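Novice: Test case, fold it:
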Amino acid sequence: MKSDVIYDLLIIGGGISACVFASKYLKNNITKKVGLIEIGRGLGGRSSTRISKKYEGWKLNHGSPNFNISNSKNNLLLKRYIDELLENKYIKIDDSEIFFLNEDSNLETKKKSEFSCGINYLSLDSMSELSKKIIYSNNLKEEIDFFFETLIVDMKFNDKGWLLTSKNGDKFKSKYLICSTNLLLHKRSLKILNVNQIPLRKAIPINSDKKIDLLLNILEEQTFIPRLTFLIYTNKNYSYKDNYSKKLRYFYLKNNLEKKYRFERIIFQLQDNNKLGIVVHSKDAELINSYISAKDEEVFKQKIIKKFNKLFKENSFVNKLTFDEKISIMKWRASQPSGLAAPLSLQFSRKSKIGFCGDWFEGNGFGRIEGSILSALILEKKIKDLIK
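Specialist: Prediction:
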């Protein structure tokens with residue numbers, strides 16, 4: 001990237017919040033030069049889809065397989081946007097079966113949890129494709145420059161705008177900046193980026209911008225839930241015990257059962273080739289640590305299959321796995337925010353020419369896609385007339 005190119009706006013992060021913001025912003029500012037910087041290979045963030053290179057023909061949503069919107073305060077901005085996604089046939093209401101497993105691995109009909117409050121929606125394609133469709137809507141695909149597999153490690157700011165430096169040494173200049181990730185604002189950046197000072201703090205020294213000081217103080221107390229995801233590619237003969245034919249099927253473990261097996265939820269995903277993929281989610285610290293310290297990954301994977309088979313031993317819908325299944329494992333670095341949420345009042349600083357959005361802001365959608373979408377919509381509305 002040539003450092004003499006100056007963007008009107010750079011967006012850091014390629015999750016659904018960034019995509020919603022970029023789509024809305026560009027619709028009203030088609031003449032602006034906009035770039036998006038993302039550490040991953042594509043769009044989606046924690047709503048990503050693993051398109052396996054090793055196992056051809058598989059697309060597994062290994063983050064959020066769907067998303068739920070409670071909109072308990074009946075926010076018209078959010079409601080109109082969800083209606084727009086429905087009208088464009090980007091999403092549909094998810095009527096997949098949801099089961100809750102109790103202590104005896106029996107099924108319960110109770111359907112209230114952080115994953116099922118409000119209305120559940122399903123992308124008509126993969127979750128990564130949903131992010132693409134959102135950002136490419138209104139024929140805006142050619143109006144934004146994408147920089148994937150790019151990790152920003154340093155930020156500088158002056159009256160003219162922002163100068164960003166990637167791990168590879170690439171330079172990016174922009175008049176304004178949007179952070180949809182808070183990695184560059186949070187103390188976890190010190191270890192992940194191997195830096196001595198939080199990048200935003202380095203760029204905006206203390207007492208030079210009260211909004212930034214308040215935001216960084218709040219984020220000092222925000223924590224993150226680490227996650228481990230197992231993607232199971234079943235053999236060609238694997239199927240349900242019954243004739244269930246919908247795309248997804250969800251099994252959530254109640255607290256005591258989660259402690260016993262160290263699984264949080266298990267989601268079956270029917271593929272276009274009619275094979276049945278299985279994604280097992282865990283946020284158990286002991287399981288994550290045992291994976292990190294495992295000397296033999298194959299032995300560790302076999303233990304996961306044994307746990308799975310034991311959990312579903314008496315289940316009337318799910319067959320046991322053989323030991324022929326292939327498993328890939330993902331340890332999430334961009335994990336779910338927890339604890340103290342950032343106030344929406346701190347979303348934009350005119351003085352420092354920077355805005356923020358994501359699921360790390362306050363509201364019923366904190367830590368979920370609902371919060372990501374709503375914060376992006378609110379931010380775009382706040383700044384659409386301010387960025388010159």
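Novice: quick one: low-confidence parts of the stretch 1-150 of the chain?
Specialist: Within the stretch 1-150 of the chain, the stretches with pLDDT under 70 are 1-3, 104-116.
Novice: those helices in it, which residues are they?
Specialist: Assigned helices in the stretch 1-150 of the chain, in chain order: 16-28, 76-87, 127-136 (criterion: DSSP state H, counting those that start in this stretch).
Novice: Any chance of JSON lines for those helices, columns distance to Pro199 and mean neighbour count?
Specialist: Every residue, glycine included, has its C-beta placed from N, CA and C. Compiled in JSON lines, the helices of the stretch 1-150 of the chain are given as follows (distance: least, Cβ to Cβ, whole Å; neighbours: other Cβ atoms under 10 Å):
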{"stretch": "helix 16-28", "distance to Pro199": "17", "mean neighbour count": "24"}
{"stretch": "helix 76-87", "distance to Pro199": "31", "mean neighbour count": "14"}
{"stretch": "helix 127-136", "distance to Pro199": "24", "mean neighbour count": "23"}
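Novice: Of those helices, which is nearest Glu103?
Specialist: Taking Cβ to Cβ, helix 127-136 is the member of the helices of the stretch 1-150 of the chain nearest to Glu103, at 31.3 Å.
Novice: what's the longest strand in this structure?
Specialist: The longest strand of the chain (DSSP state E) is strand 326-339.
Novice: Look up the closest residue to the residue sitting nearest the centre point of the chain, ignoring the ones flanking it.
Specialist: Nearest residue to the geometric centre of the chain (Cα atoms, centre = their mean): Arg46, 2.0 Å. Distances taken as Cβ to Cβ, 6 or more residues apart in numbering place Gly63 nearest to Arg46, at 4.2 Å, with adjacent residues excluded.
Novice: So what's the residue count around the closest residue to Asp95 other than its chain neighbours?
Specialist: Spatially, and ignoring its direct neighbours in sequence, Asp95 is nearest to Lys246 (7.4 Å; Cβ to Cβ, 6+ apart). Other residues near Lys246 come to 12 when the count uses other Cβ atoms under 10 Å.
Novice: Look at Thr223 and give its secondary structure.
Specialist: Taken by DSSP: H, G, I helix; E, B strand; the rest coil, the conformation at Thr223 corresponds to strand.
Novice: need the contact list for the nearest residue to it once chain neighbours are set aside.
Specialist: In space, Thr223 comes closest to Gly339 once its chain neighbours are excluded; the distance is 4.4 Å by Cβ to Cβ, 6+ apart. By Cβ atoms under 8 Å, 6 or more residues apart in numbering, the contact list for Gly339 reads 221-223.
Novice: 10 Å instead, please
Specialist: Gly339 sits next to 218-219, 221-225, 360, 366-367 when contact means Cβ atoms under 10 Å, 6 or more residues apart in numbering.
Novice: go on, Asp296?
Specialist: Listed by Cβ under 10 Å, 6+ apart, the contact partners of Asp296 are Gln302.
Novice: separation between it and Lys303?
Specialist: 10 Å (Cβ to Cβ, to the nearest Å).
Novice: Equivalent analysis for Lys295, please.
Specialist: Counting by Cβ to Cβ, the gap from Lys295 to Lys303 is 13 Å.
Novice: In terms of packing, which of these two has more residues around it?
Specialist: Neighbour count, other Cβ under 10 Å: between Lys295 and Lys303, Lys303 has more, with 13 against 6.
Novice: Assign a three-state SS to that one, would you?
Specialist: Lys303 ends up helix, using three-state DSSP.
Novice: So what's the gap between the longest strand of the chain and the chain middle?
Specialist: Its chain's C-alpha centre and that of strand 326-339 lie 10 Å apart, by Cα atoms, centre = their mean, to the nearest Å.
Novice: Just checking: what are the partner strands of that strand?
Specialist: strand 222-233 (antiparallel) (DSSP bridges).
Novice: contacting residues around the residue lying closest to Asp145 once chain neighbours are set aside?
Specialist: Nearest non-adjacent residue to Asp145, counting by Cβ to Cβ, 6+ apart: Gly35, 4.3 Å away. Residues near Gly35 by Cβ under 10 Å, 6+ apart: 1, 5, 7-12, 22, 144-147, 164, 172-174.
Novice: and what of Lys132?
Specialist: 14, 19, 42-44, 90, 125-126, 141.
Novice: just to revisit the earlier point, need the CA coordinates for the longest strand of the chain. CSV is fine.
Specialist: The C-alpha trace of strand 326-339 is given here as CSV (Å, rounded to 0.1, in the frame of the first residue of the first chain):
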residue,chain,number,x,y,z
LYS,A,326,-12.0,-35.5,10.4
ILE,A,327,-11.8,-32.6,12.9
SER,A,328,-10.3,-29.2,12.6
ILE,A,329,-10.0,-26.9,15.6
MET,A,330,-10.2,-23.1,15.9
LYS,A,331,-9.1,-21.2,18.9
TRP,A,332,-10.7,-17.8,18.8
ARG,A,333,-8.6,-14.7,19.3
ALA,A,334,-11.5,-12.3,18.7
SER,A,335,-13.7,-13.7,21.5
GLN,A,336,-17.0,-12.5,22.9
PRO,A,337,-16.9,-9.4,25.0
SER,A,338,-18.1,-9.7,28.6
GLY,A,339,-18.5,-7.5,31.7
